[in-house]
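In: Sequence unavailable; structure follows:
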DNA sequence: TTGACATGTAGGTAAATGCCTACGTATGTT
DNA sequence: AACATACGTAGGCATTTACCTACATGTCAA
């Protein structure tokens, strides 16, 4: 399973994560998204491009608007990548881990 | 709950994700980790610093070695951040790509 | 068709990133 | 003490990032 680097890289930026959060409410035109940011529109446009190339958003042209919508499938990769670590924070495994650590040496 | 930007930023780099994967096997000395990479040791040391500052690894000095171990708790933040998106790739809100993916299974 | 609107692209810049080669600092060994 | 080992830090450098100000392109409206 090659983890898609573009997805993780896209999520590395807080503005881009916020865009995804906005799209959770539903599809939004580029301008509507940009309104919510303290940033010029071309900068937002660039973030949208990164998200698009990571496959995290879809662009649909509607008249002179470009409506973006969430494409959550690549996030499943992130979830999958995360799963082996889940045991490490669930339950009391943090303590158990210390024991395993010593056994390992 | 504010999402910790450092954690997402740390995960944005493939080498750092691989370090976490190595630490899944158990604690490892800095040198042992570095052996697995096609990269000079100081570069790895820098990645370890980023992971440490994100709270994703813990450093313990043992003699002249520095043993790193996984600190998975911050990854729960990532998992929590991910959860609102989960039903987008599982539930009725799934898009066409999701449906195609499920057919593949 | 002319003009306003929505949005991407071009190109510039400062800062961050990721790598490198020295070098410094502990710690262990002889 | 003298040397080797393990590893971080300093500083340099090329590339990428993230922002900006124009500008180009396409669409709707008068």
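Out: Great, that's in hand. Note that the coordinates shown come from a computational prediction; the quantities given were computed from them, not determined experimentally. Residues are numbered from 1 along each chain as shown, chains lettered A, B, ... in the order given.
In: For the one residue in chain A that gets nearest to DNA strand D, grab phi and psi.
Out: Going by Cβ to the nearest atom of the strand, DNA strand D is nearest to residue A:63 of chain A, at 2.4 Å. Bear in mind the C-beta positions are built from the backbone N, C-alpha and C, glycine included. Main-chain torsions, residue A:63, degrees, to the nearest 10: phi 60, psi -130.
In: now it: how far from residue A:29?
Out: Distance, residue A:63 to residue A:29, using Cβ to Cβ, to the nearest Å: 10 Å.
In: Can you pick out the residue with more neighbours from the two?
Out: Neighbours per residue (other Cβ atoms under 10 Å in any protein chain shown) separate residue A:63 from residue A:29, with residue A:29 holding more: 16 against 7.
In: Surely that one is in contact with residue A:64?
Out: No: the criterion here is Cβ atoms under 8 Å, and residue A:29 misses it with residue A:64 at 9.4 Å.
In: The longest helix along chain A - what's its average pLDDT?
Out: Longest helix in chain A, counting residues (DSSP state H): helix A:73-89. The pLDDT scores in helix A:73-89 average 95.
In: And for stretch A:23-42?
Out: Per-residue pLDDT over stretch A:23-42 has a mean of 98.
In: So which residues on chain A come close to DNA strand C?
Out: With the criterion set to Cβ under 7 Å from any atom of the strand, chain A comes near DNA strand C through A:29-32, A:34, A:41-42, A:44-46, A:48-49, A:59, A:64-67.
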